[in-house]
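Engineer: Give me the fold of what follows.
(2 chains)
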Amino acid sequence: MNGEKSAWQRFLASDFFYDFKRSPVTIVSFVIVVTLILMAILADLVAPTNPFDPGSLNLMNGFTPPMEPNAFTGETFLLGTDDQGRDLLSAIIYGLRVSLFVGLTAVILAMFIGVSLGLLAGYRGGWVDAVIMRIADIQVTFPSILIAVLIFGVARGLLPPDLRDELAITVLIVAIGLSEWVPFARTVRGTTMVEKEKEYVQAARLIGLGSSQIMVRHILPNVLSPVLVIATITLALAIIAEATLSFLGVGAPPTEPSLGTLIRIGQDFLFSGEWWILLFPAVTLLALALSVNLLGDWLRDTLNPRLK
Amino acid sequence: MLFIILRRLLQAIVVLLLVALVAFTIFRYIGDPVESLLGQEATEADRRALIDRLGLDDPIPVQYLRFVTNALQGDFGVSYRTAEQVSGLIAERLPATLELALVSALFALVVGTLLGIYTAIYRDGFVAHTIMSSSLIGVSLPTFLIGVLLIWVFAVELGWLPSFGRGETVQIGFWSTGFLTASGLKSLILPAITLGLYQMTLIMRLVRAEMLEVLRQDFIRFARARGLPDRVVYFGHALKNTLVPVITVAGLQLGAIVAFAIITETVFQWPGVGLLFVNAVFFVDIPVMSAYLLLVGTVFVVINLIVDLLYLAIDPRIRDGQLRRKAT
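Structural biologist: Numbering: from 1, shown residues only, chains lettered A, B, ... in the order given. This is a model prediction of the structure:
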């Protein structure tokens, strides 16, 4: 207990926390991100209704504007309802859960692939390095959204038709993860090439440790801080990529709508004047992506020793 | 010099062959071509005949070679969904995408350069500050949201511009153009802004930074001392010296415009190859996907090659020695 408390106090006294305290923008972004993540995790408790329970839907409630009682049932919804009388706030909270889940797991996948390949390329050098980095070079010439759509299409082709919707979320994660690994690999490779010349690595080699052990136990911990920065920035990209794919109709399936899917649905109702079905999911997506981005920028500036 | 050019050409060809290999793998191994082309009631004899006709029993390298030669002759196979020639589908939709990309690129280049010059000259003015900070918001908006918001404001609320499609088009030979009718031109505005906005802000920031750099130099002060009017100093002397990096970035971004067209075309239901591709992904129409990959791959490789060669022509330091390290 005592040790834990002192670790907390050390954190409060650190430069890291000091920087954080002095940046109001960062504090606001942090609060937004944490709130949204908590809402997504606790969706079952926070959301007023379960949007996927057909029993809770009342078609009479369809197209209720926000904060106004419905003409037939008299029910009021904070953010209004969609065409099927689904409470928009609940749909957004559950959509947020899908978006965040896909974004986070895709980043973890990209990080895993990128860090492994980067370590390998940097430590081994030679043809391993050449092959990995050439692939990376070729891949970054193409925008990642294009690659993600392509991977999504290929994966759909590999799956039997009845599994396509069921596995759509997994496919989406793999597609986005595979399209974002390059920045991780490049950074880790660079740092690894510097680190492997240092004495502690030579010492580890001298006492006879295997190269995989040196890479994972000794070099990896020393290349992690830039990885954290890239992960945060990539998270914003992944969330937007997921929303874009779902908006294009090649992402989250209709049974598990993400924020992008909700925006796609909302676009259809713009012309009939039901603006809230579009606006609220869009604002949520923007708040999330922008806050994560700002946090990433701040992390980059704080963790970068050259700027201090 | 010649050696460097040859080497770059060779690299480009290798990359293209790799892209073709990926396209071939998708084309040949994802889904079952025979199953997809024949109906449910096909007999074993039909299957045999089709396998022979497509040469699916040949060794893989032979099949790959045939795939590449066919592609070079514009033959990408038959769409699984519509049973039409993929080359025909693409040729029919290519003009729509190219016209959209062209207008977006022009919009990005012209408006971006003008705003860049403006914000550099009046760097401390209120308008310049507003432009710079709103450009930050513009960059963080996802493309599809920009499109949807533009539709909301200009098509739904104000009713000024159409929200989808190309409007009326005129057929000139094989090319269908929207440039010649009023509705075609009006239909172009919103998609072109959506597609070009990101590149526009990029070019604006670049021009601004370069202009600020150039305006500090002695030859500008000398031009002013000679009593030249501002217009000549800014456009004749300063702008000219900022163009090299601008042209390079604009060139590289042209590829991004073609790729991001898949998003814009979906938002505006623009009948181009991007929409064709998204639909192909949704319906798992493998030949169309693989043809699109080849097409876009070629566009990217060619653009990169041209930009690299332009660099070579412009920058003597590269000509004399080391190759340019890819910045992007």
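Engineer: tally of neighbours for the residue lying closest to B:Ile30 once chain neighbours are set aside?
Structural biologist: Leaving aside its chain neighbours, B:Ile30 sits nearest to A:Gly157 (3.8 Å; criterion: CB to CB, 6 or more residues apart in numbering or on different chains). For every residue, glycine as well, the C-beta is placed using N, CA and C. Residues lying near A:Gly157 (other CB atoms under 10 Å in any protein chain shown) number 19.
Engineer: residues in contact with A:Gly157?
Structural biologist: B:26, B:30-31, B:284, B:286, B:289 (CB atoms under 8 Å, 6 or more residues apart in numbering or on different chains).
Engineer: Pull out the buried residues from the one helix or strand it maps to.
Structural biologist: Assigned by DSSP states H and E, A:Gly157 belongs to helix A:144-158. Residues of helix A:144-158 classed as buried by neighbour count (16 or more other CB atoms under 10 Å in any protein chain shown): A:144-157.
Engineer: And for stretch B:157-165?
Structural biologist: B:161-163, B:165.
Engineer: The nearest residue to B:Gln199 once chain neighbours are set aside and B:Val284, how far apart?
Structural biologist: Closest residue to B:Gln199 apart from its sequence neighbours, by CB to CB, 6+ apart: B:Ala108 at 3.8 Å. The gap separating B:Ala108 from B:Val284 is 34 Å, by CB to CB, to the nearest Å.
Engineer: Give me the most central residue, the chain.
Structural biologist: I went with chain A, as the question did not name one. Central residue of chain A (CA atoms, centre = their mean): A:Gly103, 2.6 Å from the mean position.
Engineer: Sorry, I should have been clearer: chain B.
Structural biologist: B:Val258 (2.1 Å).
Engineer: Please report phi then psi for A:Phe142.
Structural biologist: phi -100, psi 140 (degrees, to the nearest 10).
Engineer: B:Gln85 too?
Structural biologist: phi -60, psi 130.
Engineer: Now the phi/psi pair for the nearest residue to it once chain neighbours are set aside, please.
Structural biologist: Nearest residue to B:Gln85 in three dimensions, chain neighbours excluded: B:Val78, at 6.1 Å (CB to CB, 6+ apart). B:Val78 adopts backbone torsions of phi -120, psi 130, taken as degrees, to the nearest 10.
Engineer: Tell me if I'm right that B:Val78 and B:Leu89 touch.
Structural biologist: No: using CB atoms under 8 Å, B:Val78 makes no contact with B:Leu89, being 9.8 Å away.
Engineer: Now list whatever residues contact both of the two.
Structural biologist: With CB under 8 Å, 6+ apart as the test, B:Val78 and B:Leu89 reach no residue in common.
Engineer: Do you know the pLDDT at A:Pro183?
Structural biologist: A:Pro183 carries a pLDDT score of 92 in this model.
Engineer: Skipping adjacent residues, who's closest to it in space?
Structural biologist: Closest to A:Pro183 by CB to CB, 6+ apart is A:Ile230, at 5.2 Å.
Engineer: residues touching the one you found, list them.
Structural biologist: A:111, A:183-184, A:187.
Engineer: Would you verify that B:Val74 is located in a helix?
Structural biologist: Let me fix one detail, which is that residue B:74 is Gly and not Val. No: under DSSP: H, G, I helix; E, B strand; the rest coil, B:Gly74 sits outside any helix and is assigned coil.
Engineer: which parts of the stretch 1-150 of chain B sit against chain A?
Structural biologist: Proximity of the stretch 1-150 of chain B to chain A, by CB under 8 Å from any CB of the partner chain, involves residues B:15, B:18, B:26, B:30-31, B:140-145, B:148-149.
Engineer: Mind putting these into TSV with distance to A:Val34 and neighbour count?
Structural biologist: Formatted as TSV, the residues of the stretch 1-150 of chain B next to chain A follow (distance: CB to CB, whole Å; neighbours: other CB atoms under 10 Å in any protein chain shown):
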residue	distance to A:Val34	neighbour count
B:Val15	44	20
B:Leu18	44	15
B:Ile26	41	19
B:Ile30	42	18
B:Gly31	44	19
B:Ser140	20	14
B:Leu141	23	19
B:Pro142	22	23
B:Thr143	28	21
B:Phe144	27	26
B:Leu145	24	23
B:Val148	28	23
B:Leu149	27	15
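Engineer: Flag the shaky bits of the chain, pLDDT-wise.
Structural biologist: Picking chain A for this. A:1-5, A:53-63, A:67-79, A:85, A:304-308 (pLDDT under 70).
Engineer: My question was about chain B, not that one.
Structural biologist: In chain B (pLDDT under 70), the answer is B:39-41, B:314-328.
Engineer: care to break it down by domain?
Structural biologist: Using automatic domain parsing, the domain parsing of chain B gives B:2-72, B:86-327.
Engineer: more crowded one of B:Ala108 and B:Val284?
Structural biologist: Neighbour totals were compared for B:Ala108 and B:Val284, and B:Ala108 leads with 26 against 22 (other CB under 10 Å).
Engineer: ok so, going back, check which helix or strand the residue nearest to A:Pro183 maps to.
Structural biologist: Secondary structure (DSSP H and E) places A:Ile230 in helix A:224-248.
Engineer: for the helix or strand just after that helix, packing partners?
Structural biologist: Where DSSP H and E defines the elements, the next helix or strand beyond helix A:224-248 is helix A:259-268. Using 3 or more CB pairs under 8 Å, 6 or more residues apart in numbering or on different chains; DSSP states H and E, the elements in contact with helix A:259-268 are helix A:88-124, helix A:224-248, helix A:276-303, helix B:143-150.
Engineer: What's the local residue count around the closest residue to A:Gly114 other than its chain neighbours?
Structural biologist: Nearest non-adjacent residue to A:Gly114, counting by CB to CB, 6+ apart: A:Phe184, 2.5 Å away. By the criterion of other CB under 10 Å, A:Phe184 has 26 neighbours.
Engineer: mind listing the helices for the stretch 201-328 of chain B?
Structural biologist: B:218-225, B:230-231, B:243-267, B:273-282, B:286-314, B:316-320 (DSSP state H, counting those that start in this stretch).
Engineer: Surely B:Ala101 touches B:Gly196?
Structural biologist: No: at 9.0 Å, B:Ala101 does not count as touching B:Gly196 under the criterion of CB under 8 Å.
Engineer: Neighbour count: these two, which is higher?
Structural biologist: Taking other CB under 10 Å, B:Ala101 and B:Gly196 do not tie; B:Gly196 has more neighbours (27 against 23).
Engineer: How is that one classified with respect to secondary structure?
Structural biologist: Under three-state DSSP, B:Gly196 comes out as helix.
Engineer: mind listing what it touches?
Structural biologist: Per CB under 8 Å, 6+ apart, neighbours of B:Gly196: B:103-105, B:107-108, B:257.
Engineer: what does B:Ala42 give?
Structural biologist: Applying CB under 8 Å, 6+ apart, no residues contact B:Ala42.
Engineer: Report how many residues lie close to residue 110.
Structural biologist: By default, I'm working from chain A. 28.
Engineer: look at chain B instead
Structural biologist: B:Val110 has 13 nearby residues by other CB under 10 Å.
Engineer: With A:Thr141 instead?
Structural biologist: Per other CB under 10 Å, the neighbour tally for A:Thr141 reads 17.
Engineer: distance of it from A:Glu180?
Structural biologist: In terms of CB to CB, A:Thr141 sits 15 Å off from A:Glu180.
Engineer: How about B:Leu212?
Structural biologist: 33 Å.
Engineer: okay, the two: which has more neighbours?
Structural biologist: A:Glu180 (28 against 16).
Engineer: before we move on, the earlier item: immediately after the strand or helix carrying the residue nearest to A:Gly114, which helix or strand?
Structural biologist: Assessed by DSSP H and E, A:Phe184 sits inside helix A:182-195. Beyond helix A:182-195 in the direction of the C-terminus, DSSP H and E gives the next helix or strand as helix A:199-206.
Engineer: contacts for whichever helix or strand comes after that next one?
Structural biologist: With elements assigned by DSSP H and E, the helix or strand that comes after helix A:199-206 is helix A:211-213. With contacts defined as CB under 8 Å, 6+ apart, helix A:211-213 is touched by A:123-124, A:204.
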